[in-house]
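Asks: Quick one, what's the 3D model for this:
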Amino acid sequence: MPKTLGKDSTCSIARTLQVLGDSWTLLIVREAMLAGSTRFQEFREELGIAPNILAKRLAQLVDEGLMERRTYREPGLRAREEYLLTEAGRSLNVVMAALASWGRAHRPRPGGTSPRFTLEDTGTAAQLAFVTPDGQCVPPARLTARRTDDAALDAMTGTGDGMPAAQAS
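Replies: Sure thing, here's the model as predicted:
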């Protein structure tokens with residue numbers, strides 16, 4: 001049985017942190033998403049992560065359905081595994097965008113870098129936003145958050161994934 005974070009195991013944030021609550025896990029997803037890394041050695045070189053930790057985090061990402069493992073073979077070499085983001089893994093782009101936005105605003109660094117999210121077919125830049133059902137962008141400082149049953153949120157958005165219909169993919 002997986003460990004439960006805090007007293008409220010029904011909380012969607014706690015459930016997410018059970019999978020993504022480790023900084024190495026998020027950095028592996030970042031490399032897969034932004035740099036297109038798929039191979040063990042690519043992750044090792046980019047992150048400087050110990051091989052035992054990387055192997056454990058990749059296995060967890062596969063077990064949780066965020067990455068899938070595929071075998072590949074370069075000519076003359078033994079078969080190896082590569083790791084590709086699944087749809088669930090790719091949908092973490094909104095999490096990565098939120099983390100990047102927060103980091104730019106609250107942990108700025110000279111020469112810092114951040115991801116830029118664009119539409120795949122046109123290259124048009126997109127940005128993270130809270131949007132009301134009528135299309136109004138709302139600054140985060142104007143928002144409040146309240147615990148709400150997942151089923152009630154799904155019924156309000158009509159998507160079954162907790163995301164507003166305009167943002168669901």
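Asks: Buried by neighbour count: which residues of the lowest-mean-pLDDT helix or strand in the chain qualify?
Replies: The helix or strand of the chain with the poorest confidence is helix 150-157; it has a mean of 86 (mean pLDDT, DSSP states H and E). Residues of helix 150-157 classed as buried by neighbour count (16 or more other CB atoms under 10 Å): 153, 157. C-beta here means a position set from N, CA and C on the backbone, and glycine is covered the same way.
Asks: export it as PDB, just CAs?
Replies: Provided in PDB are the C-alpha atoms of helix 150-157 (Å, rounded to 0.1, in the frame of the first residue of the first chain):
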ATOM      1  CA  ASP A 150     -13.700  16.000  -7.300                       C
ATOM      2  CA  ALA A 151     -17.100  14.800  -8.600                       C
ATOM      3  CA  ALA A 152     -18.500  18.300  -8.100                       C
ATOM      4  CA  LEU A 153     -15.600  19.900  -9.900                       C
ATOM      5  CA  ASP A 154     -15.900  17.500 -12.800                       C
ATOM      6  CA  ALA A 155     -19.600  18.200 -13.000                       C
ATOM      7  CA  MET A 156     -18.900  22.000 -13.100                       C
ATOM      8  CA  THR A 157     -16.300  21.700 -15.800                       C
END
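Asks: Packing partners of it?
Replies: Judged by 3 or more CB pairs under 8 Å, 6 or more residues apart in numbering; DSSP states H and E, helix 150-157 is in contact with no other helix or strand.
Asks: which residue is nearest the centroid of this protein?
Replies: Of all residues in the chain, the one closest to the mean position by CA atoms, centre = their mean is residue 92, 2.6 Å from it.
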